[in-house]
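S.K.: please work out how this folds:
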Amino acid sequence: MRRLAILCGGPSSEHAISLVSSVNVIAAARSAGFDVVVVGIAPDGRWLHFAGEAHAVDADDPARIRLADGGEPVALVATEDGGALHRLDGSGAISIDVAFPVLHGRGGEDGGVQGALALAGVPCVGCGIAASAVCMDKDLTKIVLERAGIPVVPWHTVRRGDDREEAARAAARFGTPLFVKPANAGSSVGITKVTDEAALGDALDAAFVHDDKVLIEPAFVGRELECAILDGTPPEASGIGEIVAPDGFYSYDAKYLDDSAALIPEADIDAALAEHIRETALAAFRALDCAGLARVDFFAGPSGEIVINEINTLPGFTAISMYPKLWAHRGVETPALVTRLVENALARATA
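M.R.: The predicted structure follows:
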């Protein structure tokens, strides 16, 4: 039986959503027959092993969920036989065969944990260091995709300390409504929909709370469509799902707290457009050198034109998240999905 370390929580602003995702992944992994080792990463970066007891408190409430008390402090170490979790009290180590970082945002999705696992010799579900880092940064993602000839939403990058006049000129070119977002964040954290250019400054300030680099993007008039990629030989693209969000903004609250958005696992679009989106999603996956899994988010205009909004290398695995919903709609339930992801990680490690 493979021992699977599931890492969750983390130091990012998406700590709570990572915990919500982990509840579902842990249940699916145990159902699939893995020997699961749960490691909760606290907001301050401590790694805590939870043996037997529940790792999360208020697990059914995304607004209140948190790591339980009493986790055992551990550190990731390399051993002759692969990686292990070393108990800091000196009582020994827990060997692990493979890790699934169910971590969203900085410190979990940006290549940091992926690098630590690589140094410890632990196969890892998902993208490697470089692809994780690039895909976490929306600015770098767009640069790579544009260079590959893949259409993206236009953008203007603002760094902390830049002249705000240039940002205002970019906003004026785009017109309103527009969106201001941190370059390195997910789950719609720090994003503001700006309907009046006078509010641009406050939106930039809100985004700079989360990052030193911020994007300004025009609102794209069209439908919000998503495609899930599952790596293999060759990688496989799911059907096309659709997000119908209130006021055209799939906010953090709409995603996790108030059920105001509709998630449709099979969008009502013609077959040619669906195939075009799948092919473009796979092309983006290859261009960014992704591995394991990804969710590619698109906007589709009224004439059938598409642009990529972003690509998520560790998409949500909550009960309502689109990535597992898209595969379940194809007949791949979450236990089977987790199995395929783990097997893929092990296969890459021995290739």
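
S.K.: just for the stretch 51-200 of the chain, where's the confidence low?
M.R.: Along the stretch 51-200 of the chain, the model assigns pLDDT under 70 to residues 186-187.

S.K.: show me where it has its helices.
M.R.: 112-119, 129-136, 138-147, 164-174, 200-208 (DSSP state H, counting those that start in this stretch).

S.K.: any figure for the gap between Ala228 and Leu337?
M.R.: With distances taken as C-beta to C-beta, to the nearest Å, Ala228 is found 9 Å from Leu337. Yep, even glycine has a C-beta here, placed from its N, CA and C like the rest.

S.K.: more neighbours, those two?
M.R.: Ala228 (29 against 23; other C-beta atoms under 10 Å).

S.K.: am I right that that one sits in a helix?
M.R.: No: using DSSP: H, G, I helix; E, B strand; the rest coil, the assignment for Ala228 is strand, not a helix.

S.K.: what pLDDT does it get?
M.R.: Ala228 is assigned a pLDDT of 98 by the prediction.

S.K.: what's the overlap in contacts for Ala228 and Leu337?
M.R.: Trp327 (C-beta atoms under 8 Å, 6 or more residues apart in numbering).

S.K.: coming back round to it: please work out which of the helices of the stretch 51-200 of the chain is packed deepest.
M.R.: Greatest average neighbour count among those goes to helix 129-136 (a mean of 22), per mean count of other C-beta atoms under 10 Å.

S.K.: and that one, what other elements does it pack with?
M.R.: helix 112-119, helix 138-147 (3 or more C-beta pairs under 8 Å, 6 or more residues apart in numbering; DSSP states H and E).

S.K.: swap the cut-off to 6 Å and go again
M.R.: Other helices and strands packing on helix 129-136, by 3 or more C-beta pairs under 6 Å, 6 or more residues apart in numbering; DSSP states H and E, are helix 112-119.

S.K.: hmm, who's touching the helix it packs on?
M.R.: Leu76, Ala99, Pro101, Cys124, Gly128, Ile129, Ser132 (C-beta atoms under 6 Å, 6 or more residues apart in numbering).

S.K.: and of those residues, the nearest to Leu7?
M.R.: Of all these, Leu7 sits closest to Pro101, with 4.5 Å by C-beta to C-beta.

S.K.: correct me, but that closest one touches Leu7?
M.R.: Yes: using C-beta atoms under 6 Å, Pro101 makes contact with Leu7 at a distance of 4.5 Å.

S.K.: so what's the residue count around the residue nearest to Arg106 when sequence neighbours are not counted?
M.R.: Nearest non-adjacent residue to Arg106, counting by C-beta to C-beta, 6 or more residues apart in numbering: Ser12, 4.5 Å away. Close neighbours of Ser12, defined as other C-beta under 10 Å, add up to 25.

S.K.: check which helix or strand Ser12 maps to.
M.R.: When elements are assigned from DSSP states H and E, Ser12 belongs to no helix and no strand.

S.K.: so it sits against Glu109, correct?
M.R.: No: counting by C-beta under 6 Å, Ser12 stays clear of Glu109, with 7.7 Å between them.

S.K.: so where's the stretch 201-350 of the chain uncertain?
M.R.: 247-261.

S.K.: would you map the strands across it?
M.R.: 213-218, 223-230, 236-244, 262-264, 293-300, 306-312 (DSSP state E, counting those that start in this stretch).

S.K.: which stretch among those strands comes nearest Pro151?
M.R.: strand 306-312 (4.5 Å).

S.K.: what's the offset of that closest one from the middle of its chain?
M.R.: 13 Å (C-alpha atoms, centre = their mean, to the nearest Å).

S.K.: which strands and helices lie in contact with that strand?
M.R.: strand 293-300.

S.K.: try 10 Å this time
M.R.: In terms of contacts (3 or more C-beta pairs under 10 Å, 6 or more residues apart in numbering; DSSP states H and E), strand 306-312 is packed against helix 129-136, helix 138-147, strand 223-230, helix 271-287, strand 293-300.
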